[in-house]
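[1] quick one, structure for this:
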Amino acid sequence: MDDRRRQFLEELLSTPGPSGYEANSQRVWVDYVSEFADEVHTDDYGNAVATLSGGDTEVALAGHGDEIGFIVRDLTDDGHVRMGRIGGSDKTVSRGQHVTVHTADGPVDGVVGQTAIHLREGDDGVPDVAEQHVDVGATDGDELAELVDRGDPITFQQTVTDLENGRLSARGMDNRIGIWAAAEGLRRAGENDAEATVHAVSTVQEEVGLQGAKMVGFDLDPDVAIAADVTHATDSPDSPGKRSTGVELGKGPVVSRGSTNHPVVVEALRATGEDADIDLQLQATGIRTGTDADAFYTSRGGIPSVNVGLPNRYMHTPVEVIDEDDLDAVADLLAGFAVRAPDHAPFAVEV
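    Just a heads-up that it's a prediction; the model follows:
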């Protein structure tokens, strides 16, 4: 990954954008794709679409730009913030963490309180997020009310860390890597003179019900959609054996099969990987993918869709881990698919 691509990735990862509050992170994405797209537009909720105009076949390369987080639910009389969840935030990793409350007047630093081990009586379990609190240093409720409002979003403070062997750890890999790959897929498709019309998409509010993809799928109505998202790498010691998928970090992009995933598009992606010498992994998703692909494929009369996953360890924690080579390969796969899409169209099951 060259310096400009790495800079873009770090800008995405370091810009907070929990579901419903994505404007700042979407702006980072829009500024980047505006360097090479023919057209960029956003809708009323902040979904962003960048387009390279080509032939009649229309391809959407999509990721979701939002992340999980927390929200200021209430303010206590003694000056503490009571939290709620935004998306699938994990109560087991929130206590003892540094956080930022994003207010209209700017960021307010805080910590999620954790009772000292010396004061706890036995194994008291993990309290729900609603029972946890943020300490910003306020001395009472009146002082706190001058600093934050109910409804302000909260995120973990970010650290982007390079690990050994090209591994990278950060909060929000889910799913800043997807919008990075969509943007890069668009840029690389343009460099390879794609004869399709290619749209890169950064959706909002995926973590709270795939809402942005429902909006974009209806409005854009492409011939085919590829949703790039993270998927669980089950190669770490704490992964339950019964949940194993065989997906490993560093073994390449993951193409989902079953349910949402259109079989003709799956085969086109596999052919693209073989032609471009990109190692692929397969994943069974017999019921749903849990990604924007689930929303795209039922939009309008049905949009042929597939989820392409990036192996990710420790999902929905502040220390998600990916492999940079896997990420680069996802972008190459998306670009290669867009270039070859006219050869595979129309995407329809023969009955």
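
[2] show me what contacts the residue nearest to L334 when sequence neighbours are not counted?
    Once flanking residues are discounted, L334 sits nearest to G185: 3.0 Å by Cβ to Cβ, 6 or more residues apart in numbering. C-beta here means a position set from N, CA and C on the backbone, and glycine is covered the same way. Contact analysis of G185 by Cβ atoms under 8 Å, 6 or more residues apart in numbering lists L61, V198, A200, A228, V330, A331, L333, L334, A335, A338.

[3] how far away is the third one from P346?
    Plainly put, A200 is 22 Å away from P346 if you go by Cβ to Cβ, to the nearest Å.

[4] what is the burial count for the nearest residue to E207 once chain neighbours are set aside?
    What sits nearest to E207 in space, not counting adjacent residues and going by Cβ to Cβ, 6+ apart, is G87, at 3.2 Å. For G87, the tally of surrounding residues (other Cβ atoms under 10 Å) stands at 19.

[5] show me the contacts for G87.
    G87 sits next to P18, S19, D66, E67, I68, G69, E207, V208 when contact means Cβ under 8 Å, 6+ apart.

[6] got the buried residues for stretch 245-254?
    Along stretch 245-254, these residues count as buried under the neighbour rule (16 or more other Cβ atoms under 10 Å): T245, V247, E248, L249, G250, K251, G252, P253, V254.

[7] and L310, bridged to which residues?
    V230 (DSSP bridges).

[8] wait, doesn't it sit right on D229?
    Yes - at 7.3 Å, L310 and D229 qualify as touching, with contact defined as Cβ atoms under 8 Å.

[9] how is the protein divided into domains?
    Using automatic domain parsing, the domains assigned to the chain come out as 3-67+171-344, 69-156.

[10] among the ones you listed, which is the most enclosed?
    domain 3-67+171-344 (a mean of 21; mean count of other Cβ atoms under 10 Å).

[11] please report how far the residue nearest to E207 lies from P342.
    Counting by Cβ to Cβ, the gap from G87 to P342 is 37 Å.

[12] just to revisit the earlier point, mind checking pLDDT for the residue nearest to E207?
    Confidence at G87, expressed as pLDDT, is 97.

[13] picking that back up, how about CSV for the domains of the chain, with distance to V351 added?
    Output for these, formatted as CSV (distance: least, Cβ to Cβ, whole Å):
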stretch, distance to V351
domain 3-67+171-344, 12
domain 69-156, 37
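
[14] which strands and helices lie in contact with the helix or strand encompassing L13?
    Using DSSP states H and E, L13 maps to helix 3-14. Contact analysis of helix 3-14 by 3 or more Cβ pairs under 8 Å, 6 or more residues apart in numbering; DSSP states H and E lists helix 23-33, helix 173-191 as its packing neighbours.

[15] out of those helices, which is closest to L12?
    helix 173-191 (4.1 Å; Cβ to Cβ).

[16] avg pLDDT for the closest one?
    Mean pLDDT, helix 173-191: 97.

[17] neighbouring strands for the helix or strand just after it, and are they parallel or not?
    With elements assigned by DSSP H and E, the helix or strand that comes after helix 173-191 is strand 197-203. Neighbouring strands of strand 197-203 in its sheet, by DSSP bridges, are strand 48-52 (antiparallel), strand 58-64 (parallel).

[18] now the last one and helix 3-14, what's the angle there?
    Think strand 58-64. Counting by axes from the mean of the first three to the mean of the last three Cα atoms, to 10 degrees, strand 58-64 lies at 50 degrees to helix 3-14.

[19] average pLDDT for strand 58-64?
    Strand 58-64 comes out at a mean pLDDT of 98.

[20] for Q283, give me its contacts.
    Residues counted as contacts of Q283 (Cβ under 8 Å, 6+ apart) are T231, T245, G246, V247, V254, V255, S256, R257, G309.

[21] swap in 10 Å and give it another go.
    By Cβ atoms under 10 Å, 6 or more residues apart in numbering, Q283 lies in contact with 231-232, 245-247, 254-258, 261, 289, 307-309, 311.

[22] and it, what are its bridge partners?
    Counting by DSSP bridges, the residues bridging with Q283 are S256.

[23] check what pLDDT it gets.
    At Q283, pLDDT is 96.

[24] now swap in D123 and tell me
    Value for D123, per-residue pLDDT: 71.

[25] did I read that right, it in a helix?
    No - applying DSSP: H, G, I helix; E, B strand; the rest coil, one finds D123 to be coil, outside a helix.

[26] that one and L9, how far apart?
    40 Å.

[27] quick one, longest helix in the protein?
    In the chain, assigned by DSSP state H, the helix with the most residues is helix 324-344.

[28] so where's this structure uncertain?
    242 (pLDDT under 70).

[29] my read: H316 touches N175, true?
    No - H316 sits out of contact with N175 when judged by Cβ atoms under 10 Å, with a separation of 11.1 Å.
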